[in-house]
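Asks: for reference, the sequence and a predicted model appear below.
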2 protein chains.
Amino acid sequence: MIENDFFRALADPTRRAIFEKLAAGSMNASALREGMEISQPAMSQHLAVLRSAKLVREERQGRFVNYEVNPDGLALIAQWLAKYRAYWPERIAALKVLLKDMDQ
Amino acid sequence: MIENDFFRALADPTRRAIFEKLAAGSMNASALREGMEISQPAMSQHLAVLRSAKLVREERQGRFVNYEVNPDGLALIAQWLAKYRAYWPERIAALKVLLKDMDQ
DNA sequence: CGGACACATAAGCACGTACTTATGCGATTC
DNA sequence: GAATCGCATAAGTACGTGCTTATGTGTCCG
């Protein structure tokens, strides 16, 4: 049950902050820590959780490890959300934006 | 931070099961318990969490309390997801379905 | 080779979470 | 109005989670 992984991963505000930072641009673990007041092991552990939830992916570059958003993870969330489309109120602006960018 | 609430609410598999059951049709707390092996207080506590996350809403009917999916909660998730639309791979089938049903 | 660096992992601990049993509270029924 | 029903809440407990400090692993550089 993969849903379990990404919902649990995103349940932590620190991990969401990390994820959002990565969404603004891929970077390595040290760069992620800048301006975040989080220890190195804590960051490493959070990244491990996000990794196993398929929300981010790593790529070793020398002695750095570059992290980036994994589109597959977002697709899984969208997939989960799609199950409940019967309940989406059509009028909601955010949803309009959402479909506009996806269509084409 | 409302995101915190719904991600934490959905992080629990039992609560997701309850939510999915409600998505199939609104019902009261006792009906929700059927076929679920969960105690009455546990169900009540889970519903309280889902309620405060705006994922479900209640409506008292005599001595029953009817629960139903709250579309606003789903809209908030969609809103959160929309922030990362730059990362959605266009080809993913689930997303196609999603946009097809939203555009109309 | 040896040290420094970037990151991961291990172990321990404080706190949160999901359950239990017990009880309370409003609404119905007789 | 007393018993019962549907549900909520209280209090206690076992377990999970996120942090810490300490140490390990792989890479670069002198």
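Replies: Yes, it's here. This one's a predicted model, so the numbers in the text were calculated from it and none came from an experiment. Numbering: from 1, shown residues only, chains lettered A, B, ... in the order given.
Asks: what about residue A:10, distance to residue B:31?
Replies: Relative to residue B:31, residue A:10 is positioned 30 Å away (Cβ to Cβ, to the nearest Å). Placement of C-beta: from N, CA and C, glycine included.
Asks: so the two - more neighbours on which side?
Replies: residue A:10 (25 against 15; other Cβ atoms under 10 Å in any protein chain shown).
Asks: quick one: that one from residue B:48, how far?
Replies: 21 Å.
Asks: what residues are up against residue A:53?
Replies: Residue A:53 sits next to A:2, A:5, A:6, A:8, A:9, A:10, A:73 when contact means Cβ atoms under 8 Å, 6 or more residues apart in numbering or on different chains.
Asks: wait, the first one sits on residue A:54?
Replies: Yes: taking contact to mean Cβ atoms under 8 Å, the distance of 7.0 Å between residue A:2 and residue A:54 places them in contact.
Asks: need the overlap of contacts for the two.
Replies: Shared contacts of residue A:2 and residue A:54, counting by Cβ under 8 Å, 6+ apart, come down to residue A:76.
Asks: among the two, which residue is more densely surrounded?
Replies: residue A:54 (18 against 14).
Asks: what's the closest non-adjacent residue to that one?
Replies: Leaving aside its sequence neighbours, residue A:54 sits nearest to residue A:73 (Cβ to Cβ, 6 or more residues apart in numbering or on different chains; 4.2 Å).
Asks: same deal with residue A:61?
Replies: residue A:28 is the one closest to residue A:61 (Cβ to Cβ, 6+ apart), at 7.6 Å.
Asks: quick one: low-confidence parts of chain A?
Replies: A:89-104 (pLDDT under 70).
Asks: can you name the residues that contact the closest residue to residue A:2 other than its chain neighbours?
Replies: Nearest residue to residue A:2, sequence neighbours excluded (Cβ to Cβ, 6+ apart): residue A:76, at 6.2 Å. Shown in contact with residue A:76 (Cβ under 8 Å, 6+ apart): A:2, A:3, A:6, A:54.
Asks: any idea which element the last one lies in?
Replies: Right, residue A:54. Residue A:54 is part of no helix or strand when elements are defined by DSSP states H and E.
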